[in-house]
Structure formats: structure tokens, C-alpha cells
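Participant: sequence-free structure coming up:
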């Protein structure tokens, strides 16, 4: 006697499958034979081989990422050195400009103290002093800008160092895992 499975049957899921004399399919299951290739030891070996393959694929990728991080780090270090060099050059220019301005101002005061001058000459001399003072101010502004640039570069450099360290640790971990896995596989052989 065959009938359709309904919600009232023993397995109660309402699958609509035929049941023989109201017996559930659970009673008709045969004991499955295990395939020798699927034994727990061979499953573990297969998993180890798959893990080993995955690690071998990941390692060159991680090394490439590390290489790119190290290149970015070197580039940031180069940029910082250039910024420090430019700041040193700007400091030298500022010092020279300050000396020229001080000489001009002292010379003007020494030459013109207590002397009458024509207004045109006085205007030319004052205009020259303003130009020199403007150059000093410009060099000071450049120096401040370079200091801000250097701070930003130092921040980027610190991040690049951290990234390179993190990538180095990732590569070292993968190398260690792969070495341990290969050692373990050799010991089982």
C-alpha cells in the first residue's frame, strides 16, 4: 500500500513523497559504505594539500604587496629627504636675505641721518627697503610652508613604515605556516 507523505506522517514535513505502508523513509536507508579515499586520515591529507597549495599561491602575492610597500616607503623617505634639503636651502636663502636687508637698512640710516634728501631719492631708497623686506617675508613664508609639508610627509612616512611592517609580518606568518605544514607532511611520510 503506497500513499503520499503528508504533514500528519511520522516525519511530519509534508514532502509529498510516497511512503510504503506509512513507514518513513528513514527505515529504508541503507548503511552507506565509506569510500577508502574519504577516510578521516585521507581527508586530513587532502585538506593539508589544499592548504599547502593555498599558502603557495598566497605567498608570492603577499611578497609582491610587501615589495610595493617597501617601494612606497623608500619613495616617502626620498620625498622627506628632498623636503629637508629644500628647507635647508630656504633657511640659507633666508639668512642671506636677512643679512642683505640689515645691511641696507643700516647703510640707509648711517648715510641719511641728519641729512637732507630729495623726496625722489628718499622714495627710491624706501621702495628698495620694502622690496628687500618683502623678500625676507617671502622666504619666511616658504620656510613655514616647507615645515608644514615636512610634517605631512613625516605622517605619511610613519604610515608607510607601519604598512611595511604589517606586510612583513604577513609574509613571515605565511612562510612559517608553510614551513610547519611541509615539515608535518614530511614527518607523516
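Facilitator: Structure's in. What do you need? Please read these numbers as outputs of a predicted model, since none were measured by experiment. Numbers count the residues shown, from 1 in each chain.

Participant: okay, CA-based contacts and neighbour counts for the rest of this
Facilitator: Fine.

Participant: Neighbours of residue 184, how many?
Facilitator: Around residue 184 there are 12 other residues, counting by other Cα atoms under 10 Å.

Participant: Residue 143 too?
Facilitator: 20.

Participant: Point me to the helix or strand that includes it.
Facilitator: Here residue 143 sits within helix 119-188, counting by DSSP states H and E.

Participant: and that helix, what other elements does it pack with?
Facilitator: In terms of contacts (3 or more Cα pairs under 8 Å, 6 or more residues apart in numbering; DSSP states H and E), helix 119-188 is packed against helix 40-112.

Participant: Run the chain-centre distance for the helix it packs on.
Facilitator: 12 Å (Cα atoms, centre = their mean, to the nearest Å).

Participant: for stretch 181-189, same thing?
Facilitator: The answer for stretch 181-189 is 35 Å, by Cα atoms, centre = their mean.

Participant: Residue 155 versus the spatially most central residue of the chain, what's the distance?
Facilitator: Note on the chain: the residue nearest the mean C-alpha position is residue 163, at 4.5 Å, using Cα atoms, centre = their mean. Taking Cα to Cα, to the nearest Å as the measure, residue 163 falls 12 Å from residue 155.

Participant: Could you do residue 71 as well?
Facilitator: According to Cα to Cα, residue 71 stands 17 Å off from residue 155.

Participant: What distance separates the opening and closing residues of stretch 112-125?
Facilitator: Stretch 112-125: ends 10 Å apart by Cα to Cα.

Participant: Average pLDDT for that stretch, rounded please.
Facilitator: Averaged over stretch 112-125, pLDDT sits at 79.
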